[in-house]
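**Q** need a structure here:
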Amino acid sequence: MADAFVSFAVQKLGDFLIQQVSLISNLRDEVRWLRNELLFIQSFLRDAEQKQCGDQRVQQWVFEINSIANDAVAILETYSFEAGKGASHLKACACICRKEKKFYNVSEEIQSLKQRIMDISRKRETYGITNINYNSGEGPSNQVTTLRRTTSYVDDQDYIFVGLQDVVQKLLAELLKAEPRRSVLSIYGMGGLGKTTLARNLYNSPDILNSFPTRAWICVSQEYNTMDLLRNIIKSIQGCTKETLDLLERMTERDLEIYLRDLLKERKYLVVVDDVWQREAWESLKRAFPDGKNGSRVIITTRKEDVAEKADDRGFVHKLRFLSQEESWDLFRRKLLDVRAMVPEMERLAKNMVEKCRGLPLAIVVLSGLLSHKKGLNEWQKVKDHLWNNIKEDKYIEISNILSLSYNDLSTALKQCFLYFGIFPEDQVVKADNIIRLWMAEGFIIPRGEERMEDVAEGFLNELIRRSLVQVAKTFWEKVTDCRVHDLLRDLVIQKALEVNFFDDYDRRSHSISSLCIRHVIHSHGERYLSLDLSNLKLRSIMIFDLDFCKVSHINFRSVFQHLYVLYLDMHVGNASIVPDAIGSLYHLKLLSLRGIRDLPSSIGNLKNLQTFVVDAGGYTFQLPRETTDLINLRHLVAKYYSKPLVHISKLTSLQVLEGVACDQWKDVDPVDLVNLRELRMASIEKSYSLNNISSLKNLSTLRLFCGVGESYFPSLEFVNCCEKLQKLWLCGIIEKLPNLFSNSITMMVFWESRLTEDPMPILEMLPNLRNLELEAAYEGKEIMCSDNSFSQLEFLILGDLQKLERWHLGTSAMPLLKGLGIYDCPNLKEIPERMKDVELLKRSY
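**A** Reported below is the predicted structural model:
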């Protein structure tokens, strides 16, 4: 992990030497010496990191290198910032030589670093850290670039298909039985058996969806807050309007309990209470679940037998079993990337290892993910030898050993990316776009050649998924949109992050946080955190996940956060905090994410290094400052509810993603210079507007367009045929007439509330690359016609809420590759074509 810090520092020092061309020669020599020494030390780091687990002295040595690398970058960044405020770089250097207080004394600081580096070199010899071949296989996996398309992820739902089909049917029968009393179904077993996966499968079952109009899911975990749990259930049932949020914040625990009871008492509901550790947690919640004698149910998952047994005197308790040897082998093969490459000798080794996993699904899938990235019999033998060295008296592999081995097999870059999952609150589903942008801002992603950073980062995420270290929570349009890490893997992440000082979580009880970490995470009591003395820290990231935090104006941006790359504030949208003007002093900021703010100052325009800007003001009126168009390095702009025209947005030539723009803001934009824009999401479209200028976006690949509320119509859509690289198109709103031609590059299309009166199939069926098609309330006719040889590449089709549809005519050679079909709310459809009856039925995703 130290290698990542040093690599980053070496890169920044090199950039500094190039950019600061007017440096006086002595200072340039000092910086060059520092860079060369760090390069030399870097060659020893892999050997050191392999030894540090069992040697605290080596751990300290690695930490000191981290500290020097971070301090070196901070010194030069501060110099660059201060020098930039001078009349010229020459003047700034002169000021440094005269040791004027307003400029950083770079030379003196570097001399201090030199002394520390020489001390480190002496310790290296003392600890016996040898110079190994630094380039021997380290770095991003060669597979990264091949793992971006994610059409058919074999995710944790495989647990259900391997060995648990009978359990699913048994528990479904229990939930659906004709028993009017509200009852509790408890599922328990050790970590890694698949309790949450099983509960999720039940929760999303079509039979459950049809039987329980009201559903909610909450995760309790070891540290829980009863009031937050009650609020989360209410929000999942009632929605998250501003009025609801404001009301819930004013309630006491007793008020919330009564409110939820009143909300549920006339409803038939199913609530999943996931990951319960103490009986007290369930006791504090159960009074809020009324018994309306209408067949309502609660599902509890827990590792504790006593929690399961005592949840309901007359409830149903299911102990989750381990997989059999046959089921274990089946699951292993499903997760293996290339089963065909497994020769008989490798199969024998694998079966031996799988047997020692004692039927624990998580251990099996992580082992399969690890072996998938090991080539040949010798590599598999090394994995077995390592695991056998740690087998204890019970002759089974400890799951912690498999998880640690899989983690240690990651490249440095992937280790950083994986550890970042520990920053998010426990049990939180993580948006893929979110974590990818954070990785980029932190400097973890270094593109090679012409690759985009976003593509490299997506490849990293996909590799972590292929290794079964990260689970897929949701996919859409062949991409992972949401992901999570298993509790046991999160425990590993926290442990490893602590070992290398990757980040620290503010402890409200001791009112302390590590001064050694460059990333601080605050999950509660954010205002108390700010009362700590943070003035001497060179922090890189501040991430506050605190719904009660609202004192953004109390943050001392200038003296405390001046080195920040990441500022992530996830606050209650009802707080509507005002951001102070001083935020414009965070010159090095690359990612700014603000949730729960009301206003932004014009100083935002000073953040010239910003790559990602995400703003969520909730339901409040919000205006994005005009100075936003000065953010010349901005790649992702996601900001809802802003209303000022952005007529100069074409200045943002680095922009890759633009979400939240309203049509009346876009209509005066000349997008011809937005040469890098890949994704555009536009709302509030009216028939009177023209969308023709979208055709100027030559690299646009994803387009989502939403009409205004009510009876809003799309204007002409003929421009779509001119979007030569468009692959994914989503249209939500009334369409009077489909254009006769769409771009042949389109692979996925969604039509929502389109209310077409003419059958769209004759136009759509000839698109040569269309793989996904979804029609939701999109057509008001009685029949659709798919002719012979049509939809030659279509793989997934969804027909939803087509109330008048009666007949579906399908040519004998149409849709030859279809492998997934969803038909929902089509009450008058008499039958589906015979050939479609063998196609896998898709579950509704909402």
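**Q** Helix, strand or coil: sort out Leu703 for me.
**A** Under the three-state scheme (DSSP: H, G, I helix; E, B strand; the rest coil), Leu703 adopts strand.
**Q** Show the contacting residues for it.
**A** 679-680, 694, 720, 723, 726, 728-730 (Cβ atoms under 8 Å, 6 or more residues apart in numbering). Every residue, glycine included, has its C-beta placed from N, CA and C.
**Q** Could you do Asp825 as well?
**A** 800-803.
**Q** tell me which of those is nearest to Lys474?
**A** Gly800 (17.6 Å; Cβ to Cβ).
**Q** Same list (the contacts of Leu703) but as TSV, adding secondary structure and pLDDT.
**A** Formatted as TSV, the contacts of Leu703 follow (DSSP: H, G, I helix; E, B strand; the rest coil; pLDDT from 0 to 100):
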residue	secondary structure	pLDDT
Glu679	strand	96
Leu680	strand	95
Ile694	helix	93
Val720	helix	92
Cys723	coil	92
Leu726	coil	96
Lys728	strand	96
Leu729	strand	96
Trp730	strand	96
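**Q** farthest-separated two in these?
**A** Using Cβ to Cβ, the contacts of Leu703 span at most 15.3 Å, a distance reached by Glu679 and Val720.
**Q** which among the contacts of Leu703 end up buried?
**A** For the contacts of Leu703, a burial check counting by 16 or more other Cβ atoms under 10 Å picks out 679-680, 694, 720, 723, 726, 728-730.
**Q** Using JSON lines, lay out those together with distance to Leu171.
**A** JSON lines is the format used below for these (distance: Cβ to Cβ, whole Å):
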{"residue": "Glu679", "distance to Leu171": "41"}
{"residue": "Leu680", "distance to Leu171": "44"}
{"residue": "Ile694", "distance to Leu171": "49"}
{"residue": "Val720", "distance to Leu171": "47"}
{"residue": "Cys723", "distance to Leu171": "48"}
{"residue": "Leu726", "distance to Leu171": "45"}
{"residue": "Lys728", "distance to Leu171": "37"}
{"residue": "Leu729", "distance to Leu171": "40"}
{"residue": "Trp730", "distance to Leu171": "36"}
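**Q** For Gly660, state which of those is nearest.
**A** Distances from Gly660 to the buried ones among the contacts of Leu703, taken by Cβ to Cβ, are shortest for Leu680, at 10.3 Å.
**Q** which residues does the closest one bridge with?
**A** Leu658, Leu703 (DSSP bridges).
**Q** wouldn't it be in contact with Arg704 here?
**A** Yes - counting by Cβ atoms under 8 Å, Leu680 does reach Arg704; the two are 7.3 Å apart.
**Q** which residues of the stretch 701-846 of the chain fall in helices?
**A** For the stretch 701-846 of the chain, the helices defined by DSSP state H, counting those that start in this stretch occupy 761-764.
**Q** The helix or strand encompassing Ala173: how far from the chain's middle?
**A** Assigned by DSSP states H and E, Ala173 belongs to helix 165-176. Its chain's C-alpha centre and that of helix 165-176 lie 32 Å apart, by Cα atoms, centre = their mean, to the nearest Å.
**Q** after it comes which helix or strand?
**A** Using DSSP H and E, the helix or strand that follows helix 165-176 in sequence is strand 183-188.
**Q** Need the CA coordinates for that next one. PDB is fine.
**A** The C-alpha trace of strand 183-188 is given here as PDB (Å, rounded to 0.1, in the frame of the first residue of the first chain):
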ATOM      1  CA  SER A 183     -45.700 -13.500  12.500                       C
ATOM      2  CA  VAL A 184     -41.900 -13.500  12.400                       C
ATOM      3  CA  LEU A 185     -39.700 -15.700  10.200                       C
ATOM      4  CA  SER A 186     -36.200 -15.900  11.500                       C
ATOM      5  CA  ILE A 187     -33.200 -17.000   9.500                       C
ATOM      6  CA  TYR A 188     -29.900 -17.600  11.300                       C
END
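**Q** Return the list of strands paired to that strand, each annotated with direction.
**A** Short version: by DSSP bridges, strand 183-188 pairs with strand 297-302 (parallel), strand 316-319 (parallel).
**Q** winner for burial among those?
**A** strand 297-302 (a mean of 26; mean count of other Cβ atoms under 10 Å).
**Q** domain assignment for this structure?
**A** According to automatic domain parsing, the chain comprises the domains 2-127, 164-319, 747-846.
**Q** Least confident of the ones you listed, on average?
**A** Among those, domain 2-127 carries the lowest mean pLDDT, at a mean of 66.
**Q** What separates the first and last residues of stretch 725-745, distance-wise?
**A** Start-to-end span of stretch 725-745 (Cα to Cα, to the nearest Å) is 6 Å.
**Q** Which parts of the stretch 301-450 of the chain are helices?
**A** Counting by DSSP H, counting those that start in this stretch, one finds helices in the stretch 301-450 of the chain at the ranges 305-310, 325-335, 344-355, 361-372, 377-388, 399-408, 412-419, 432-442.
**Q** Please disregard the earlier target; I meant the stretch 451-600 of the chain.
**A** Going by DSSP H, counting those that start in this stretch, the stretch 451-600 of the chain shows helices at 453-466, 487-499, 526-530, 557-560.
**Q** what pLDDT, on average, does the last one get?
**A** Same thing as helix 557-560. The model assigns helix 557-560 a mean pLDDT of 69.
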